[in-house]
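Novice: Need a 3D model of the following:
(2 chains)
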2 protein chains.
Amino acid sequence: MSLYLRDLEVRLEQGEQTVRSRQLGEALGLTDAQVRKDLAHFGHLGHPGIGYPIPDLLARLRRLAGTDSGWTAALVGVGNIGRALLSYQRFEAEGFRIVAAFDEDHAKVGGIIGGVRIHDLADLPVVVAREGIRLGLLAVPPRAAQGCADAMVAAGIRGILNFAPRRLSPSPSTIVHEVDLSMSLVHLALSVALADAESASPCLHGILPR
Amino acid sequence: MSLYLRDLEVRLEQGEQTVRSRQLGEALGLTDAQVRKDLAHFGHLGHPGIGYPIPDLLARLRRLAGTDSGWTAALVGVGNIGRALLSYQRFEAEGFRIVAAFDEDHAKVGGIIGGVRIHDLADLPVVVAREGIRLGLLAVPPRAAQGCADAMVAAGIRGILNFAPRRLSPSPSTIVHEVDLSMSLVHLALSVALADAESASPCLHGILPR
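Specialist: Just a heads-up that it's a prediction; the model follows:
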């Protein structure tokens, strides 16, 4: 669903107004029939010969995801990555607002970055409850990650985007997604190395994973 | 392959010394047989009843990826995200070194962040050639992304990690991977919304995508 959302947003930015199931399928690596089935599940039937109206489809997907009414998020850890996240302009465009930041460093508490106040980590439960925060961005050093994640789960945060390079123990009530910047770079380097290896000896094609 | 690398690194950090194909398969969602086949392609045969020695397997994967000898990378765009990337400590641990940063803002040129010198964007081709840089991190505003990517490709950079929220035109000589922070947050919010919808009406299970 997030892939559909992304593809449709790019098309709209590029000025397209309608899209056919075949075009979506090609972009996302799905069959025609699968796309039509998915979009019917999202409550939308296309018009034969015309396709799907993109603005309408986007509005439905956003309503289903709840991003049309806005999600509030908390940032835990105001280091280099955390500061960049507080100043990142694209979250708001997608319907997200970071409404509070937290750090255990008392020298940072009380400061404001990107319009967001930095609170004492101990105040997490109170602020999360008051603001109705459901999402958290975790950007602390690896050794602090599990403890902070536990505090976020206990405070009622339902989804955590984890920037700390440390796998978190699963919790039944909270979904964790990882953003692992160094693994993204490893993955890219592997792709380049494999492309080089393939062009050097084409017989490797199909043996090495893409 | 990057998934194997990541899983093995986590196991080693947790003190494990050997791993069985079944354990790797469970962690990565692959069959036993597929894991044994993959690892044989990487040039490694496990020992029946014992499994694969993790340090040895990691060394082979890193050698194949070239990350054991180190990759040099360039950062283009020294804004909030760029500064965070320059100070990100984990790249070096994975075998990557950002050796040069570039910005078109002359007020930033000549500065040093995280030990890395900031160059004029116009010097990209010279510095990339001199340092043998093959990877680039692109962290500029959306409107500047395509122009900077074209300059990176022309300078001979083979892989680009794109943090700019703008899809780049493909180039035959350069691999582009996207790191889209706002889409990561959209994806997380969708997962939470779908989990909520499923627990509210279990019959949605299987209809809405996971």
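Novice: Look up how far B:V78 lies from the most centrally placed residue in chain A.
Specialist: Centroid-nearest residue in chain A: A:L161, 7.2 Å away (criterion: Cα atoms, centre = their mean). Distance, A:L161 to B:V78, by Cβ to Cβ, to the nearest Å: 24 Å. Placement of C-beta: from N, CA and C, glycine included.
Novice: Kindly report the same for A:S87.
Specialist: 13 Å.
Novice: Kindly report the same for A:L5.
Specialist: Taking Cβ to Cβ, one finds A:L5 at 30 Å from B:V78.
Novice: Looking at those two, which one has more neighbours?
Specialist: B:V78 (24 against 21; other Cβ atoms under 10 Å in any protein chain shown).
Novice: Can you classify A:I118 by secondary structure?
Specialist: Taken by DSSP: H, G, I helix; E, B strand; the rest coil, the conformation at A:I118 corresponds to strand.
Novice: Could you tell me the per-residue confidence at A:Q23?
Specialist: At A:Q23, the model reports a pLDDT of 88.
Novice: Which helix or strand contains it?
Specialist: helix A:21-28 (DSSP states H and E).
Novice: For the nearest residue to the residue nearest to the centre of chain A once chain neighbours are set aside, list the residues it contacts.
Specialist: Spatial nearest neighbour of A:L161, excluding adjacent residues (Cβ to Cβ, 6 or more residues apart in numbering or on different chains): A:L137 at 4.9 Å. For A:L137, the contacting residues are A:A73, A:A74, A:L75, A:V76, A:G82, A:L85, A:I98, A:I160, A:L161, A:F163, B:L185, by Cβ atoms under 8 Å, 6 or more residues apart in numbering or on different chains.
Novice: ok, those vs A:T174, which is closest?
Specialist: A:I160 (6.1 Å; Cβ to Cβ).
Novice: Output stretch A:126-141 as CSV, restricted to C-alpha atoms.
Specialist: Output of stretch A:126-141 as CSV, limited to C-alpha atoms (Å, rounded to 0.1, in the frame of the first residue of the first chain):
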residue,chain,number,x,y,z
VAL,A,126,3.1,12.3,30.4
VAL,A,127,3.8,14.1,27.1
VAL,A,128,2.8,11.1,25.0
ALA,A,129,-0.5,10.8,26.8
ARG,A,130,-1.2,14.5,26.7
GLU,A,131,-0.4,14.9,23.0
GLY,A,132,-1.9,11.5,21.9
ILE,A,133,1.4,10.6,20.3
ARG,A,134,1.3,7.2,18.5
LEU,A,135,4.6,7.2,16.5
GLY,A,136,8.2,7.5,17.7
LEU,A,137,11.5,8.1,16.0
LEU,A,138,14.3,6.5,18.0
ALA,A,139,17.8,8.0,17.3
VAL,A,140,19.9,7.2,20.4
PRO,A,141,23.3,5.4,20.6
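Novice: what domains does the record give for chain A?
Specialist: Per automatic domain parsing, the structural domains of chain A span A:2-65, A:71-179, A:181-210.
Novice: From one end of the second one to the other, what's the distance?
Specialist: In terms of Cα to Cα, to the nearest Å, the two terminal residues of domain A:71-179 are separated by 19 Å.
Novice: residues of whichever helix or strand comes after the helix holding A:Q23 that come out buried?
Specialist: Next helix or strand after helix A:21-28 toward the C-terminus (DSSP H and E): helix A:32-41. For helix A:32-41, the neighbour count (16 or more other Cβ atoms under 10 Å in any protein chain shown) marks A:V35, A:R36, A:D38, A:L39 as buried.
Novice: Widest-spaced pair of those?
Specialist: Longest span within the buried residues of helix A:32-41, Cβ to Cβ: A:R36 and A:D38, 7.4 Å.
Novice: Test of understanding: give the bridge partners of the residue nearest to the centre of chain A.
Specialist: Here A:L161 sits in beta bridges with A:L137, A:H177, going by DSSP bridges.
Novice: All the strands of chain A, residue numbers only.
Specialist: Per DSSP state E, chain A carries strands over the ranges A:18-19, A:52-53, A:71-76, A:96-103, A:112-113, A:116-120, A:135-138, A:159-162, A:175-178.
Novice: what stretches of chain A score poorly on pLDDT?
Specialist: A:43-45, A:65-69, A:198, A:200-210 (pLDDT under 70).
Novice: Now do the contacts for the nearest residue to A:L12 once chain neighbours are set aside.
Specialist: Nearest non-adjacent residue to A:L12, counting by Cβ to Cβ, 6+ apart: A:I54, 5.2 Å away. Counting by Cβ under 8 Å, 6+ apart, A:I54 makes contact with A:L8, A:R11, A:L12, A:E16, A:Q17, A:T18, A:V19.
Novice: wait, isn't the second one in contact with A:V19?
Specialist: Yes - in terms of Cβ atoms under 8 Å, A:R11 counts as a neighbour of A:V19; the distance is 5.9 Å.
Novice: More neighbours: which of those two?
Specialist: A:V19 (22 against 19).
Novice: isn't that one right up against A:G51?
Specialist: Yes - contact criterion Cβ under 8 Å: A:V19 and A:G51 qualify, at 5.3 Å.
Novice: all helices of chain A, in order?
Specialist: Ranges of helices within chain A are A:2-13, A:21-28, A:32-41, A:54-65, A:80-86, A:90-93, A:124-131, A:142-154, A:181-200, based on DSSP state H.
Novice: With respect to burial, which of the ones you listed scores highest?
Specialist: helix A:80-86 (a mean of 24; mean count of other Cβ atoms under 10 Å in any protein chain shown).
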